[in-house]
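A.B. asks: Okay, predicted coordinates and the sequence, questions at the end:
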Amino acid sequence: MPLAPVDDKGTHLFYEDSGAPWACPHYTTLVILHGVVFHGAIFKPLIPYARQRGIRLVMVNYRDYPGSTPYSWAELAALGSKKQEAERSMLKQRGLEIAAFLRWYIMKENIPMAPSPQEYHNACGGGLAILAWSWGTAMAMSFLAQASTLPHQERWRLGSYLRTIIFYDSNCNALGVSTHHVAGFYNPILDTRIPMKNKGRAFVHWVTAHYNHRIPEVLSFPHSSLIEVRPGLVQYPSTDSSSEYENSTERMLYQEYDEVTDTGVAERSQLFWMDFDVTVYKEMTELAMYDATIWPHLQIKLVWCDRSVVETVLAAWYFAQQMRDWPEGARKVEIVRFRGANHMPHWNEPEKTMDRLAKLIHC
């Protein structure tokens, strides 16, 4: 079982590695950070298509997810404390764990470095990209926010490899979205009628459905107002019986479902993360995005799926609006609409999704 040490206390993160593409010695490594309940294995359908495009996939599981070190009692107490300082510390530590994982993996596998700034746009391979899905955006933001605190040598080494971070259908918590923007829309995590032990399974069925939003083709962020966006959003899944709208969990066999989810993690620890003060996530986003002087050649992309749950659409809109007020010298972000995709295109349409991701990584 592949385990990566991320501190000197015996803490490990489990990961799965597709291996180096045999026909492409100067390949690009894509490290994937998963979302809620679904862990890294949900991205396995991408592997054959990644190899065809000269990309090595590394799927990492967070703490308390299968194979990785569970949280200690002290860490669980901090997660549930509802104290901002404890929440900040927990989020910061997870970002440092991602940094430690990347440093360890780069040295262990001796992966190809990123192309130099002069040849960046002419070189297809090399370097390392991060794909942060859904709530995983919070982990990537925390990692990026800690860049200035890393020892100089470690910061330089990571900068020699990092080329792109993709925030992929991010949820509201991860981007620090004010709660009033999503007020009135259904979310099973907030549904008090659902017992705590059933939250994970209810979340899975909600988040994997298709939502037939009425979003105009010409709509673009950040140029659209909330008044233009909100009325076209629907909170109930499509009832269309065609395979295009089929719930993603219905495509899974029972064995597959168990292999890619950990519904028990919701009750153990994940719901604490979803209950953090939104200010903590917003502060982390600002730390990550306001200063582009560290790793200035790092490209940032935000992808939103236009048949996903309301929350992710509004998260993309909100993030785009915030960008308009960022200070001079902040990071530039390209916002990309993934048309016809729900929250699970990597499972439903792996070839199409990998093709799109490869272009985002290498452009």
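C.D. replies: Done, it's in.

A.B. asks: Let me see the ranges of the helices in the stretch 51-200 of the chain.
C.D. replies: Counting by DSSP state H, counting those that start in this stretch, the stretch 51-200 of the chain has helices at residues 73-79, 84-109, 136-145, 152-159, 199-207.

A.B. asks: List the contacts of Val278.
C.D. replies: Going by CB atoms under 8 Å, 6 or more residues apart in numbering, Val278 touches 173, 176-179. Every C-beta, even on glycine, is put in place using the N, C-alpha and C of the backbone.

A.B. asks: Put together TSV for those residues, with pLDDT, distance to His346 and neighbour count on each row.
C.D. replies: Formatted as TSV, these follow (pLDDT from 0 to 100; distance: CB to CB, whole Å; neighbours: other CB atoms under 10 Å):
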residue	pLDDT	distance to His346	neighbour count
Asn173	91	21	23
Gly176	91	25	23
Val177	90	23	25
Ser178	83	29	12
Thr179	80	28	10
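
A.B. asks: The residues you listed into TSV, with extra columns for distance to Leu233?
C.D. replies: As requested, the contacts of Val278 are arranged in TSV below (distance: CB to CB, whole Å):
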residue	distance to Leu233
Asn173	18
Gly176	20
Val177	14
Ser178	16
Thr179	16
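
A.B. asks: Determine which two of those are furthest apart.
C.D. replies: Maximum pairwise distance in these, criterion CB to CB, is 11.3 Å, between Asn173 and Ser178.

A.B. asks: Of all the helices and strands in the protein, which has the lowest average confidence?
C.D. replies: Lowest by mean pLDDT, DSSP states H and E among the helices and strands of the chain is helix 226-229, with a mean of 80.

A.B. asks: Other residues contacting it?
C.D. replies: Applying CB under 8 Å, 6+ apart, the external contacts of helix 226-229 come out as 181, 215, 219, 313-314, 317.

A.B. asks: any idea which of these is least confident?
C.D. replies: Across those, the bottom pLDDT score, 64, is held by Leu219.

A.B. asks: For the least confident helix or strand of the chain, buried residues please.
C.D. replies: Val229 (16 or more other CB atoms under 10 Å).

A.B. asks: related to what we said a few turns ago, closest one to Thr353 out of the contacts of Val278, please.
C.D. replies: Taking CB to CB as the measure, Thr353 lies nearest Asn173 of these, at 23.3 Å.

A.B. asks: residues contacting that closest one?
C.D. replies: Here Asn173 is in contact with 135, 138, 273-274, 276, 278, 281 (criterion: CB under 8 Å, 6+ apart).

A.B. asks: same check, this time on Glu349
C.D. replies: By CB under 8 Å, 6+ apart, Glu349 lies in contact with Ala341.

A.B. asks: Chain neighbours aside, what residue packs nearest to Ile194?
C.D. replies: The shortest distance from Ile194 to any non-neighbouring residue, by CB to CB, 6 or more residues apart in numbering, is to Ala202 (5.1 Å).

A.B. asks: Show me the one of the helices of the stretch 51-200 of the chain that comes nearest Gln322.
C.D. replies: Nearest of these (CB to CB): helix 136-145, 12.7 Å.

A.B. asks: Please enumerate residues in contact with the closest one?
C.D. replies: 33-35, 62, 91-92, 94-96, 98-99, 102, 130, 132, 165, 167-168, 170-171, 173-175, 273, 281, 284-285, 287-289.

A.B. asks: that older thread, what's the spacing between the helix or strand just after the least confident helix or strand of the chain and its chain's center?
C.D. replies: Once the chain leaves helix 226-229, the next helix or strand it forms, by DSSP states H and E, is helix 254-260. Put simply, helix 254-260 sits 21 Å off its chain's centre (CA atoms, centre = their mean, to the nearest Å).

A.B. asks: isn't Gln270 right next to Val36, touching?
C.D. replies: Yes. Here Gln270 reaches Val36: they are 5.6 Å apart, a contact under CB atoms under 8 Å.

A.B. asks: and the helices of the stretch 51-200 of the chain as a markdown table, adding mean neighbour count and mean pLDDT?
C.D. replies: As requested, those are exported to a markdown table (neighbours: other CB atoms under 10 Å; pLDDT from 0 to 100):
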| stretch | mean neighbour count | mean pLDDT |
| --- | --- | --- |
| helix 73-79 | 15 | 98 |
| helix 84-109 | 18 | 98 |
| helix 136-145 | 26 | 98 |
| helix 152-159 | 14 | 96 |
| helix 199-207 | 21 | 89 |
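
A.B. asks: Of all these, which one comes closest to Pro48?
C.D. replies: helix 84-109 (20.1 Å).
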